[in-house]
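Student: Sequence and predicted structure, then a few things I'm wondering about:
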Amino acid sequence: MLQSKIGFVLNVLFIVYFTSKSANGQTGPTVTLTCRSCNRASSLDQCSGSITCGVNEICYLDELITDQKTVVYNAGCRAKDVCNAGTSKPSIVGKRELQKRGDLVACSACCNRPRYSGEPECNTRLCGIKYANTNTSTCYSCDSSSSGQGDVHEPQDCISQSVCQSNEACGVQRYDYLGSDSHRYVCLPKLICTLLTKEALKRMEECRQSHDSNICGNVGKRSLVNVCTACCGDGLCNTGTCEQLLDRIYNLWKGGALDLHTLQLKQTTTRL
């Protein structure tokens with residue numbers, strides 16, 4: 001009985017001690033964030049560096065279109081306030097930060113998902129970066145109706161992959177499920193994807209040129225009916241949300257780096 005009471009008192013003191021430290025701005029050890037790091041890499045193969053972020057930093061990855069219409073990637077750590085301010089969201093082509101003169105930003109994104117044993121750094125899943133030998137028919141596959149991993153609430157939780165048919169492309173769909181977003185990663189018919197993408201790009205172009213809410217509606221933004229579909233033609237390109245992929249495809253197209261017929265980067269060739 002005495003030992004039980006002593007144990008209870010020690011547990012209470014332990015809780016009070018750490019609660020007091022937290023209240024005074026002192027917390028226990030924080031999880032360090034490790035990110036992939038590179039400068040002007042053409043693929044994930046070349047983006048092989050690793051960096052540990054500071055306490056006020058998280059991982060980022062930028063996809064840039066050079067003046068030669070090729071695509072390169074910068075990655076590493078970036079200040080949290082910069083990411084939270086929105087400068088690391090997929091943005092209008094032409095935004096420049098610390099890139100070379102003439103570079104255009106197709107996609108810029110941040111993540112703060114800790115790296116666990118056996119997992120890659122979270123910024124290896126941003127802005128469509130992939131290994132050079134990735135099969136262009138390979139897509140992320142999270143679909144409750146046809147794959148081992150079902151629909152996900154967080155895009156980064158989709159890790160399953162599948163090989164699509166030759167007449168299919170990678171796709172992302174977002175829909176409302178019981179009041180919250182659910183994301184589906186699938187193979188979709190290329191013909192439908194091409195038609196959908198051309199129509200989406202047309203509406204996004206009209207929207208950005210006119211800034212008229214009657215024309216824009218919810219193009220490139222969250223839909224009022226909570227339905228969105230986006231496609232891409234490169235291997236493992238269907239990452240992030242539907243809206244993020246649409247923005248990235250639009251920026252690549254405006255920057256002259258996207259083949260609108262195949263929905264692939266122009267520098268990319270099909271690998272079997």
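Tutor: Received it, and whenever you're ready, just let me know what you need. Residues are numbered from 1 along each chain as shown.
Student: could you point out where the stretch 51-200 of the chain is predicted with low confidence?
Tutor: 86-100, 147 (pLDDT under 70).
Student: Could you report the separation of the nearest residue to residue 259 once chain neighbours are set aside from residue 108?
Tutor: Leaving out its chain neighbours, the residue that sits closest to residue 259 by Cβ to Cβ, 6 or more residues apart in numbering is residue 266, at 5.2 Å. Any C-beta I mention is one placed from the backbone N, CA and C, and that applies to glycine too. With the distance defined as Cβ to Cβ, to the nearest Å, residue 266 ends up 20 Å from residue 108.
Student: For these two, indicate the residue with more neighbours.
Tutor: Using other Cβ atoms under 10 Å as the criterion, residue 266 and residue 108 rank with residue 108 on top: 26 against 14.
Student: Can you classify the more buried one by secondary structure?
Tutor: Under DSSP: H, G, I helix; E, B strand; the rest coil, residue 108 falls in the strand class.
Student: Show me the beta-bridge partners of it.
Tutor: residue 62 (DSSP bridges).
Student: where does residue 135 fall, helix, sheet strand or coil?
Tutor: With three-state DSSP as the basis, residue 135 sits in coil.
Student: Pretty sure it sits against residue 235.
Tutor: Yes: with contact defined as Cβ atoms under 8 Å, residue 135 counts as touching residue 235 (5.2 Å).
Student: between the two, which one's more packed in?
Tutor: residue 235 (25 against 17).
Student: May I have the phi/psi pair for that one?
Tutor: Note on residue 235: backbone dihedrals following degrees, to the nearest 10 are phi -60, psi 140.
Student: if I read this right, it contacts residue 138, doesn't it?
Tutor: Yes: contact status for residue 235 versus residue 138: in contact at 4.6 Å, counting by Cβ under 8 Å.
Student: picking up where we left off before, for the residue nearest to residue 259, give me its contacts.
Tutor: By Cβ atoms under 8 Å, 6 or more residues apart in numbering, the contact set of residue 266 is 69, 256-259.
Student: so where do the strands sit in this protein?
Tutor: 34-41, 49-52, 57-65, 71-79, 104-111, 138-140, 161-163, 168-177, 180-189, 227-232, 258-259, 264-265 (DSSP state E).
Student: possible to save these as JSON lines with distance to residue 241?
Tutor: Shown next, in JSON lines, are the strands of the chain (distance: least, Cβ to Cβ, whole Å):
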{"stretch": "strand 34-41", "distance to residue 241": "21"}
{"stretch": "strand 49-52", "distance to residue 241": "26"}
{"stretch": "strand 57-65", "distance to residue 241": "15"}
{"stretch": "strand 71-79", "distance to residue 241": "20"}
{"stretch": "strand 104-111", "distance to residue 241": "10"}
{"stretch": "strand 138-140", "distance to residue 241": "13"}
{"stretch": "strand 161-163", "distance to residue 241": "18"}
{"stretch": "strand 168-177", "distance to residue 241": "6"}
{"stretch": "strand 180-189", "distance to residue 241": "7"}
{"stretch": "strand 227-232", "distance to residue 241": "8"}
{"stretch": "strand 258-259", "distance to residue 241": "19"}
{"stretch": "strand 264-265", "distance to residue 241": "20"}
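Student: Report pLDDT for residue 15.
Tutor: Note for residue 15: predicted pLDDT of 38.
Student: quick revisit: just tell me which of the strands of the chain ends up closest to residue 119.
Tutor: strand 34-41 (10.2 Å; Cβ to Cβ).
Student: Disregarding residues adjacent in the polypeptide, which is nearest to residue 173?
Tutor: That would be residue 184: by Cβ to Cβ, 6+ apart, it lies 4.4 Å from residue 173.
Student: With residue 258 instead?
Tutor: Spatially, and ignoring its direct neighbours in sequence, residue 258 is nearest to residue 252 (4.0 Å; Cβ to Cβ, 6+ apart).
Student: and that neighbour, what is it in contact with?
Tutor: Going by Cβ under 8 Å, 6+ apart, the list of residues near residue 252 reads 65, 71, 106, 258, 265.
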